[in-house]
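Asker: show me how the following folds:
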Amino acid sequence: MSQKIAIIRGDGIGPEIMDATLHVLDAMKLGLEYVDVDAGMVALEKHGELLPQATMDAIRTHRIALKSPLTTPVGGGFSSINVELRKRFDLYANVRPAISFPNTRSRYDKVDLITVRENTEGAYIGEGQALSEDGETATLTQKVTRRGSDRIVRYAFDLARKVGRRKVTIVHKANILKKLTGLFLETAMEVGERYRDRIEIEDKIVDNCAMQLVLNPWQFDVILTTNLFGDILSDEIAGLVGGLGMAPGGNIGKEAAIFEAVHGSAPDIAGKGMANPTALLLASAMMLDHVGDTERATRLREVLHQTMVVDGIRTRDLGGEASTDAFAQ
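Answerer: Numbers count the residues shown, from 1 in each chain. Now for the predicted structure:
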């Protein structure tokens, strides 16, 4: 394959896990061409802004980016660089697969599920935040649209059908937020009817879903939900399979896609060679799937399994002793 991708090395441990990941991708001889661009604190120091125009142009041109964690500084400006990227490129689908690897501090064996989260609406994007003049009352406007719900629901069901999943669980709070998440549930049920010939459909209230994930995660296959609920549940799910070091994510729209390690920049261990690059490697496998190279995406996942489970080479967060570089090697 021949594909140019924008590379955002990120902050904190970001450059370390990106170097490790690119080492592995280069060894696979994928024919990828990397275009390095800046974002986050590195960009602020070099260019005076968190998201330089050159970075935006590169993502828009190449339509694929691989991103390490970024740090959003406290204070003014936008609330999150990640949220800003999702807004600017209309990356409406957030996809978070979770697979448990044996002997890696995963709390459950044989967990294999996907969270599909609407990525551009609802409370999480922070629009309409206000503080009263006396500083005593904070308010937030939430918005869920039928259009936004419809397209993420279609994406989730199409993905489930494409990868052979058997069940989609629609997660909501329509018992209380009857209009807000009720619209999402109603839309999901309407669209889902077209897929019932191959896919089982159920719905769960979000608090029950959170409990059921702990009690019996194997009952889930694909979880489909709104932005804030998806943010919380996907981190809970990462905890079931060994932590955020095992959690990749894809932010996907019609014009661009950004694949990332969803954990933070971990400045406390930056430069110590302790970081786990697995999340970014798994995100790279998602990227390969996205561009149609499913054979080598599968190979990359199998090699990770071989390294951690069969060879017993793991980073410290997974109970091993390997450095970031040794793991990549």
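Asker: can you report phi and psi for T225?
Answerer: When quoted as degrees, to the nearest 10, the phi and psi of T225 stand at phi -160, psi 180.
Asker: also R296?
Answerer: Phi and psi for R296, reported as degrees, to the nearest 10, are phi -80, psi -20.
Asker: go on, E200?
Answerer: Per degrees, to the nearest 10, the backbone of E200 is at phi -80, psi 140.
Asker: how about N251?
Answerer: Here the main-chain torsion angles of N251 (degrees, to the nearest 10) amount to phi -110, psi 110.
Asker: okay, now it: neighbour count?
Answerer: By the criterion of other C-beta atoms under 10 Å, N251 has 24 neighbours. (Each C-beta comes from the backbone N, C-alpha and C, glycine too.)
Asker: that one touches V262, doesn't it?
Answerer: No - between N251 and V262 there is no contact under C-beta atoms under 8 Å: 9.9 Å.
Asker: can you show me the helices along the stretch 1-150 of the chain?
Answerer: When assigned using DSSP state H, counting those that start in this stretch, the helices of the stretch 1-150 of the chain occupy the ranges 14-27, 41-47, 53-62, 81-88, 146-162.
Asker: for those, which one sits closest to A138?
Answerer: helix 81-88 (18.2 Å; C-beta to C-beta).
Asker: who does the closest one touch, helix- and strand-wise?
Answerer: strand 248-252 (3 or more C-beta pairs under 8 Å, 6 or more residues apart in numbering; DSSP states H and E).
Asker: what is the orientation angle of the strand it packs on with helix 81-88?
Answerer: 30 degrees (axes from the mean of the first three to the mean of the last three C-alpha atoms, to 10 degrees).
Asker: would you put the C-alpha positions of strand 248-252 in CSV?
Answerer: Provided in CSV are the C-alpha atoms of strand 248-252 (Å, rounded to 0.1, in the frame of the first residue of the first chain):
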residue,chain,number,x,y,z
PRO,A,248,-7.2,2.5,21.1
GLY,A,249,-9.7,4.8,19.6
GLY,A,250,-10.7,6.0,16.2
ASN,A,251,-12.5,9.3,15.4
ILE,A,252,-14.1,9.0,12.0
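Asker: possible to save the helices of the stretch 1-150 of the chain as JSON lines with distance to P102, mean neighbour count and mean pLDDT?
Answerer: Output for the helices of the stretch 1-150 of the chain, formatted as JSON lines (distance: least, C-beta to C-beta, whole Å; neighbours: other C-beta atoms under 10 Å; pLDDT from 0 to 100):
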{"stretch": "helix 14-27", "distance to P102": "21", "mean neighbour count": "20", "mean pLDDT": "98"}
{"stretch": "helix 41-47", "distance to P102": "37", "mean neighbour count": "16", "mean pLDDT": "91"}
{"stretch": "helix 53-62", "distance to P102": "37", "mean neighbour count": "16", "mean pLDDT": "96"}
{"stretch": "helix 81-88", "distance to P102": "31", "mean neighbour count": "20", "mean pLDDT": "90"}
{"stretch": "helix 146-162", "distance to P102": "26", "mean neighbour count": "19", "mean pLDDT": "98"}
